[in-house]
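Participant: Please find the sequence and the predicted model below.
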Amino acid sequence: MTQMKKLPVDHILYGVPYLGWGINHIHDLMGAKPIIGGKHPGYGTHNALLGLGEIAYLEIIAPDPDQKVDAVWMNLDQLTKPKLFRWAAYSNDLTSTKRLCSKQGIDIGQIKAGSRKTPAGELLQWELTDPNLVLGDGLIPFFIDWGENGNPTPTLPKGCRLINLKSTHPNPAPLRLLLQRININMDVVESDEIRLIAQIQTPKGLIELT
C-alpha cells in the first residue's frame, strides 16, 4: 500500500452543519464509523473522531446547538456545505514553531491551552496555536502539542489510513514555497478552486475527502 508522504499531520478537520449527519455520512463513505469525541466548552462546537492510521485522525466538527456563544469556533456556522476546511500539524515545541513561522512572516497567533471531556469523562488537554487564523487561505495548518499523553488516535476506530494530504490553489508556487520554509512539503497543485484533499484508504477502497 502507498504510504503517506512525510507530513506532520495530527488531524484533519471536516466541517459539517450537524454532527449526527456528519457521522452517518463518513460511515457511509468510508465503511468505518466515527465515535463521539466531546464538546468544546465556550467555543460552540462538538466533534466526532475516526482514526486514520498510527498518528493521524479525522475530526468531524459541527456547531453545538446546546452552546450559546457570541462566535462559533473557526466560523463553522458560516460553512455553506460539508467541507475539509482545515488541518492541524503536530509540534512538540510550539514556541520554536512559532519562532520559525515568524521568521517567514507568518503569524500563527498566541499559544493557548485547550481541553475537552470525552463521553467517558476523561479530560483531554493540549496546547495549540490559534485555529481561528485563516492562513494561506486555510491551507497552512495550525499547530498542536498534546504533551506526554499524545493525541487520541490509539483509542479511535481503526480500518482507515491517511495516504496523502494535498491542496489546490490558483497561485500555488508562493504558497508551496512558504510551506516548505516552515518544513511542510505539501503538494499544492494549480486550480481555480482552493481545496484541501485527503486521500484515505478505507474498507470501501481509496477515497478522496474534500
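Facilitator: Great, that's in hand.
Participant: what helices or strands is the worst-scoring helix or strand of the chain on mean pLDDT leaning on?
Facilitator: Sorted by mean pLDDT, DSSP states H and E, the helices and strands of the chain end with strand 112-117, the least confident at a mean of 86. Using 3 or more Cβ pairs under 8 Å, 6 or more residues apart in numbering; DSSP states H and E as the contact criterion, the neighbours of strand 112-117 among helices and strands are strand 35-40, strand 123-128. C-beta coordinates here come from the backbone N, C-alpha and C atoms, glycine included.
Participant: nearest spatial neighbour of Leu84, skipping sequence neighbours?
Facilitator: Closest residue to Leu84 apart from its sequence neighbours, by Cβ to Cβ, 6 or more residues apart in numbering: Leu196 at 4.7 Å.
Participant: Might you report the residue contacts of the one you found?
Facilitator: Counting by Cβ atoms under 8 Å, 6 or more residues apart in numbering, Leu196 touches Ile12, Leu84, Phe85, Arg86, Trp87, Gly138, Leu139, Leu165, Lys166, Ser167, Thr210.
Participant: How many residues are close by the third one?
Facilitator: The local packing count at Phe85 equals 19, with neighbours defined by other Cβ atoms under 10 Å.
Participant: Could I get the phi/psi values of it?
Facilitator: Torsion angles at Phe85 (phi, psi; degrees, to the nearest 10) stand at phi -120, psi -10.
Participant: Correct me if wrong: it contacts Ile12.
Facilitator: No: proximity of Phe85 to Ile12 does not meet the contact threshold set by Cβ atoms under 8 Å, at 9.3 Å.
Participant: hey, where'd the helices end up in this protein?
Facilitator: Using DSSP state H, the helices assigned to the chain run over residues 19-30, 94-103, 172-181.
Participant: I'd like those laid out as TSV, including mean pLDDT.
Facilitator: Shown next, in TSV, are the helices of the chain (pLDDT from 0 to 100):
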stretch	mean pLDDT
helix 19-30	98
helix 94-103	94
helix 172-181	92
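Participant: Ok, which of those helices comes nearest Gln201?
Facilitator: The closest of those to Gln201 is helix 19-30. By Cβ to Cβ, the value is 9.5 Å.
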